[in-house]
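1. My questions concern the predicted model and sequence given below.
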Amino acid sequence: MILPINTQIYYFLSTTVAGVIIGIMFDIYRIIRGFNNPNRLITAFSDLLFWIFAAIVLFIFFFITNNGELRYYTFVGIIIGLFLYFELISKFILKTLRVILYYTMKFFRTIIILIFYPIRLFSYGFKVMIYEINIGITKFFNNKRKIRKEN
């Protein structure tokens with residue numbers, strides 16, 4: 001079935017947007033994977049999971065925007081969207097995501113410190129109290145022994 005030109009242009013632009021979305025997802029994945037250096041097996045497995053997830057997102061996107069029809073311009077649109085994203089936007093998005101992630105981690109670290117610091121203080125005070133009680137008991141029994149030896 002031949003589609004009107006405006007419908008085909010809409011489908012092409014929507015697949016270009018899909019390419020940009022996959023590029024954003026890939027940058028997020030690169031940042032998450034960049035925190036640790038996993039071995040080859042974990043990297044291969046996580047890459048496989050990423051591409052399965054990307055395929056599912058593309059399938060849902062195509063189903064919603066162009067009723068799941070795959071035409072040649074669908075693939076051209078994805079490639080053009082990825083190219084435009086990586087050439088024009090990727091560096092800015094990566095910097096922005098790193099800053100957001102840095103301050104988010106800093107925020108959660110501060111919250112954790114604020115939550116656990118009073119617990120650590122209480123624990124330290126409890127340990128000091130137990131230590132002082134042990135010293136008092138030891139002195140008490142040492143004094144009792146001295147009194148018995150003197151008598």
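-> Thanks, I have it.
2. Please make it C-alpha for all contacts and neighbour counts, starting now.
-> OK.
3. hey, where'd the helices end up in this protein?
-> 5-33, 40-66, 72-84, 90-150 (DSSP state H).
4. need these in TSV with mean neighbour count, can you?
-> Listed next are these as TSV, based on neighbours: other CA atoms under 10 Å:
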stretch	mean neighbour count
helix 5-33	18
helix 40-66	14
helix 72-84	18
helix 90-150	12
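5. got these as CSV, with mean pLDDT columns?
-> What follows is the helices of the chain, written out as CSV (pLDDT from 0 to 100):
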stretch, mean pLDDT
helix 5-33, 89
helix 40-66, 88
helix 72-84, 91
helix 90-150, 85
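6. distance of the residue most central in space within the chain from residue 14?
-> Nearest to the geometric centre of the chain sits residue 32, at 5.5 Å (CA atoms, centre = their mean). As judged by CA to CA, to the nearest Å, residue 32 and residue 14 stand 27 Å apart.
7. again, but for residue 98
-> 28 Å.
8. now swap in residue 133 and tell me
-> In terms of CA to CA, residue 133 sits 73 Å off from residue 14.
9. OK, contacts around residue 58?
-> residue 18 (CA atoms under 8 Å, 6 or more residues apart in numbering).
10. and what of residue 54?
-> 22, 25.
11. and if you look at residue 62?
-> Going by CA under 8 Å, 6+ apart, the list of residues near residue 62 reads 15, 68-69.
12. now these as a markdown table including distance to residue 56?
-> Formatted as a markdown table, the contacts of residue 62 follow (distance: CA to CA, whole Å):
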| residue | distance to residue 56 |
| --- | --- |
| 15 | 14 |
| 68 | 12 |
| 69 | 15 |
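13. ok, of those residues, which one's closest to residue 3?
-> residue 69 (11.3 Å; CA to CA).
14. Can you tell me the closest non-neighbouring residue to that closest one?
-> residue 62 (7.1 Å; CA to CA, 6 or more residues apart in numbering).
15. which residues does residue 11 contact?
-> 65-66, 74.
16. From residue 18, how far off is it?
-> Residue 11 is 10 Å from residue 18, by CA to CA.
17. for residue 116, same thing?
-> 44 Å.
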